[in-house]
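[1] Need coordinates for the below:
(one chain, ligands or ions: 1)
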Amino acid sequence: MNSPAQLSPQTPLVRVSGVTKSFGGVHALRGVDLEVFPGEVHALLGENGAGKSTLIKILSGVHKHDSGRIEIAGREVRFASPAESRAAGVAVVYQDLSLVESLSVGANLMLGREPQTRFGFLKKRQLMTEVSAFLREHGIPLDPRATVGSLPFAYRQMTEISKALMGDVRILILDEPTSALTEGEEKILFDAVRTVTQRGVGVIYVTHRLNEVFRISQNVTVFRDGANAGSFVTAKTDMKQLVTAIVGPGHAALGADAPIQKTREVAVSASKPVLTLSRVTNDCLNCVDLNVHAGEIHGLAGLIGSGRTEILETIFGLRAVEQGEIRIEGVALSNRKPRTAIEQGVALVPEDRQVQGLVLDHAIERNLTLPRLPHFSRLGWLDRIGAMTQARAVVSKLAVKAPSASTVVKNLSGGNQQKVVFGKWHQPRPRVLLLDEPTVGVDVGAREEIYALVNEAARSGTAVLVVSSDLAELLRLCDRISIVADGAIVETVGREAIDGTEALHHLIQLPRAAAQAS
Ligand SMILES: Nc1ncnc2c1ncn2[C@@H]1O[C@H](COP(=O)(O)OP(=O)(O)OP(=O)(O)O)[C@@H](O)[C@H]1O
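    Just a heads-up that it's a prediction; the model follows:
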């Protein structure tokens with residue numbers, strides 16, 4: 001294999017010309033072009049369903065293109081399998097991770113190439129030394145001995161990225177790598193990406209977070225409806241031009257750069273809290289006190305591993321309460337199981353949608369109906385027409401891109417799957433709505449729809465508790481924000497008291513700084 005350095009600067013590492021791909025009647029790619037050069041970070045943008053993942057899957061040997069031409073380092077390729085793509089130096093980190101959760105970070109990073117003795121025994125110490133050296137060199141803050149399954153999602157994501165970087169990579173494809181990372185963690189990732197580009201690796205960077213395009217990429221390509229909708233030099237474009245290319249002329253008012261503003265006023269102190277946590281303690285949480293009122297949108301902000309997701313999981317009954325109490329409208333949640341929580345009107349939109357949020361082999365309609373089967377039951381029979389009508393309404397309201405409400409969920413793009421998860425809990429109105437990274441993988445247009453739905457839920461009296469690593473999102477949505485650190489809430493502030501994302505970022509970092517100082 002040529003090393004990237006041997007390529008002439010005019011030869012792209014990846015050249016995609018006129019590539020098409022259909023799935024049955026769905027034209028996922030209609031003749032797209034893309035060029036990525038050594039040492040370049042090339043952002044690939046587009047609405048949910050625009051065709052980004054399809055191209056990535058072709059480059060990684062999961063799918064074969066129908067027509068067009070793909071060259072890697074000047075040679076035409078047509079990968080028959082992921083192994084062929086990997087052998088050509090293409091590494092992909094998908095949104096949905098593929099790690100062995102029971103193994104350590106080190107074992108995952110070296111999977112399939114573990115150092116062994118002459119007799120085939122694992123050289124564990126050498127493995128850990130090699131992995132530690134690699135992580136240090138790339139400035140990645142992972143403990144090689146930690147078991148992957150015990151890590152918060154964002155650390156698992158970093159493990160997956162590190163795994164891709166450890167191979168003989170010349171093209172690294174990152175599919176929404178920062179979706180669960182806060183700004184501090186994002187910086188660590190970006191530093192690691194810059195380190196590999198200095199070695200001549202070309203990076204294709206898929207994201208819906210437009211502001212990071214300006215921080216990490218040199219060039220941008222936008223897909224719309226399976227076709228090229230624009231190519232830009234990052235330094236010579238702006239947010240408005242990108243949004244217009246993504247959503248099309250006519251919809252450009254949609255706000256990636258919408259100002260941070262509240263659209264609703266809620267008298268937090270006047271109403272009784274709907275959700276109350278009193279000194280809730282378990283293996284992850286330490287005396288959490290929290291109350292969320294009817295009509296309030298309450299944010300939880302913190303670093304990964306701070307306990308923000310675990311607070312939601314504990315309320316929903318996925319984690320035991322060892323001490324303390326959770327009350328919904330004054331009634332203690334006694335039997336702490338998700339079923340009881342659902343019966344009491346608690347809904348959770350989880351972060352890991354493929355594992356917790358959806359039945360992938362079922363149709364959209366079925367997934368949307370599942371949480372409210374009793375609502376659609378007539379004397380033991382399912383009211384299919386009612387369920388279908390309701391499902392169609394949700395599909396249209398959230399602009400889920402699918403041929404029909406009968407489409408099987410696993411065939412939807414990632415962002416469209418997230419819209420279905422969200423739609424599942426939208427009707428009937430929950431008393432308490434728990435949202436974990438609600439807009440991960442969701443495009444600019446759908447994000448606005450989801451914000452509108454969250455606001456609507458709050459307006460009709462739902463108490464909303466939302467975890468997000470996107471600080472602008474928290475500031476945009478929330479009435480109050482609680483800062484979570486080490487499994488506890490260290491501060492709760494009204495939104496108007498926080499002057500911008502920098503100030504919120506500072507608040508999140510404060511507990512860590514205090515811990516380091518003591
Ligand atoms: N295996 C499949 N079978 C049927 N249709 C598919 C399949 N994979 C993708 N599609 C369809 O192809 C289109 C492009 O999907 P793709 O996943 O490439 O979009 P995307 O740009 O990656 O979206 P997202 O940002 O939501 O991840 C969508 O309409 C999707 O439903």
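
[2] Quickly list the domain ranges of the chain.
    4-247, 271-345+478-518 (automatic domain parsing).

[3] Pipe those into CSV and attach mean neighbour count and mean pLDDT per row.
    (Glycine included, C-beta is placed from N, CA and C.) Listed next are the domains of the chain as CSV, based on neighbours: other Cβ atoms under 10 Å; pLDDT from 0 to 100:
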stretch, mean neighbour count, mean pLDDT
domain 4-247, 18, 87
domain 271-345+478-518, 18, 86
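
[4] TSV for those, including distance to residue 389?
    Below are those laid out as TSV (distance: least, Cβ to Cβ, whole Å):
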stretch	distance to residue 389
domain 4-247	23
domain 271-345+478-518	23
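
[5] Which of those sits closest to the ligand?
    For the domains of the chain, proximity to the ligand was assessed by Cβ to the nearest ligand atom; domain 4-247 is nearest, at 3.1 Å.

[6] Briefly note if that closest one comes near the ligand.
    Yes - judged by Cβ under 6 Å from any ligand atom, domain 4-247 comes into contact with the ligand at 23, 26, 28, 46, 48, 49, 50, 51, 52, 53, 54.

[7] next one: phi and psi at the second one?
    In other words, residue 26. The phi/psi pair for residue 26 (degrees, to the nearest 10) reads phi -90, psi 120.

[8] From residue 367, how far out is the closest residue to it other than its chain neighbours?
    Spatially, and ignoring its direct neighbours in sequence, residue 26 is nearest to residue 403 (6.7 Å; Cβ to Cβ, 6 or more residues apart in numbering). According to Cβ to Cβ, to the nearest Å, residue 403 and residue 367 sit 16 Å apart.

[9] how about the domains of the chain, which one is nearest residue 443?
    Residue 443 lies closest to domain 4-247 among those, at 4.2 Å (Cβ to Cβ).

[10] what two of the residues of domain 4-247 next to the ligand are the furthest from one another?
    23 and 46 (16.8 Å).

[11] Can you pull out the low-pLDDT segments for the stretch 351-500 of the chain?
    352-357, 371-384, 426-428 (pLDDT under 70).

[12] What segments of it are helices?
    364-369, 384-397, 414-424, 444-459, 471-477, 500-517 (DSSP state H, counting those that start in this stretch).

[13] Out of those helices, which is closest to residue 348?
    helix 414-424 (9.7 Å).

[14] Isn't residue 31 up against residue 16?
    No - contact criterion Cβ atoms under 8 Å: residue 31 and residue 16 do not qualify, at 10.0 Å.

[15] Need the residues touching each of those two.
    Residues touching both residue 31 and residue 16 (Cβ atoms under 8 Å, 6 or more residues apart in numbering) are residue 68.

[16] For residue 59, give me its contacts.
    Residue 59 neighbours (Cβ under 8 Å, 6+ apart): 14, 16, 70, 79, 85, 90, 92, 171, 173, 204.

[17] Swap in 7 Å and give it another go.
    14, 85, 90, 173 (Cβ atoms under 7 Å, 6 or more residues apart in numbering).

[18] Ramachandran angles for the third one?
    Which is residue 90. Dihedral angles (degrees, to the nearest 10) for residue 90: phi -100, psi 130.

[19] how far away is residue 420 from residue 433?
    Applying Cβ to Cβ to residue 420 and residue 433 gives a distance of 16 Å.

[20] should've said residue 135
    From residue 135 to residue 433 the distance is 38 Å (Cβ to Cβ).

[21] where do the strands sit along the stretch 51-200 of the chain?
    67-72, 75-76, 90-93, 171-175 (DSSP state E, counting those that start in this stretch).

[22] Can you list the strands that the last one pairs with?
    Listed by DSSP bridges, the sheet partners of strand 171-175 and their directions read strand 90-93 (parallel), strand 202-206 (parallel).

[23] starting at the chain centroid, how far to stretch 392-411?
    20 Å (Cα atoms, centre = their mean, to the nearest Å).

[24] correct me, but residue 12 touches residue 35?
    Yes - counting by Cβ atoms under 7 Å, residue 12 does reach residue 35; the two are 4.3 Å apart.

[25] re earlier: tell me which of the domains of the chain sits nearest to residue 447.
    domain 4-247 (7.6 Å).

[26] start to end distance for stretch 75-82?
    17 Å (Cα to Cα, to the nearest Å).

[27] So which residues make contact with it?
    60, 61, 62, 64, 69, 70, 71, 85, 88.

[28] check contacts around the closest residue in space to residue 344 that isn't next to it in sequence.
    Spatial nearest neighbour of residue 344, excluding adjacent residues (Cβ to Cβ, 6+ apart): residue 328 at 4.7 Å. Residue 328 sits next to 274, 275, 344, 345, 346, 431, 432 when contact means Cβ under 7 Å, 6+ apart.

[29] can you redo the residues you listed as a markdown table with secondary structure?
    What follows is the contacts of residue 328, written out as a markdown table (DSSP: H, G, I helix; E, B strand; the rest coil):
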| residue | secondary structure |
| --- | --- |
| 274 | strand |
| 275 | strand |
| 344 | coil |
| 345 | coil |
| 346 | strand |
| 431 | coil |
| 432 | strand |
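
[30] Check those against residue 509 and report the nearest one.
    Nearest member of the contacts of residue 328 to residue 509, counting by Cβ to Cβ, is residue 275, at 27.2 Å.

[31] do you know how far the closest one is from residue 319?
    Counting by Cβ to Cβ, the gap from residue 275 to residue 319 is 16 Å.

[32] next one: residue 201
    Counting by Cβ to Cβ - residue 201 and residue 319 are separated by 40 Å.

[33] Likewise for residue 219?
    44 Å.

[34] same thing with residue 194?
    Residue 194 is 38 Å from residue 319, by Cβ to Cβ.

[35] ok, now residue 310?
    6 Å.

[36] Identify the contacts common to those two.
    With contacts taken as Cβ under 7 Å, 6+ apart, residue 310 and residue 319 have residue 284 as neighbours in common.

[37] doesn't residue 313 fall inside a strand?
    No - under three-state DSSP, residue 313 falls outside any strand and is assigned helix.

[38] Pull the contacting residues for it.
    residue 319.

[39] quick one: contacts for the residue of the stretch 251-400 of the chain found nearest the ligand?
    The ligand sits closest to residue 400 of the stretch 251-400 of the chain, with a gap of 9.5 Å, by Cβ to the nearest ligand atom. Neighbouring residues of residue 400 by Cβ under 7 Å, 6+ apart: 364, 416, 419, 420.

[40] for those, which one is nearest the ligand?
    Looking across the contacts of residue 400 and measuring by Cβ to the nearest ligand atom, the closest to the ligand is residue 416, at 5.4 Å.

[41] Kindly report the residues of the stretch 351-500 of the chain close to the ligand.
    So the stretch 351-500 of the chain meets the ligand at 401, 411, 412, 413, 414, 415, 416, 441 (Cβ under 6 Å from any ligand atom).

[42] Which of residue 403 and residue 367 has more residues huddled nearby?
    residue 367 (23 against 10; other Cβ atoms under 10 Å).

[43] isn't the more buried one right up against residue 361?
    No - contact criterion Cβ under 7 Å: residue 367 and residue 361 do not qualify, at 10.0 Å.

[44] for the helix or strand harbouring residue 341, the distance to its chain's centre please.
    When elements are assigned from DSSP states H and E, residue 341 belongs to helix 338-343. Distance, stretch centre to chain centre, for helix 338-343: 25 Å (Cα atoms, centre = their mean).
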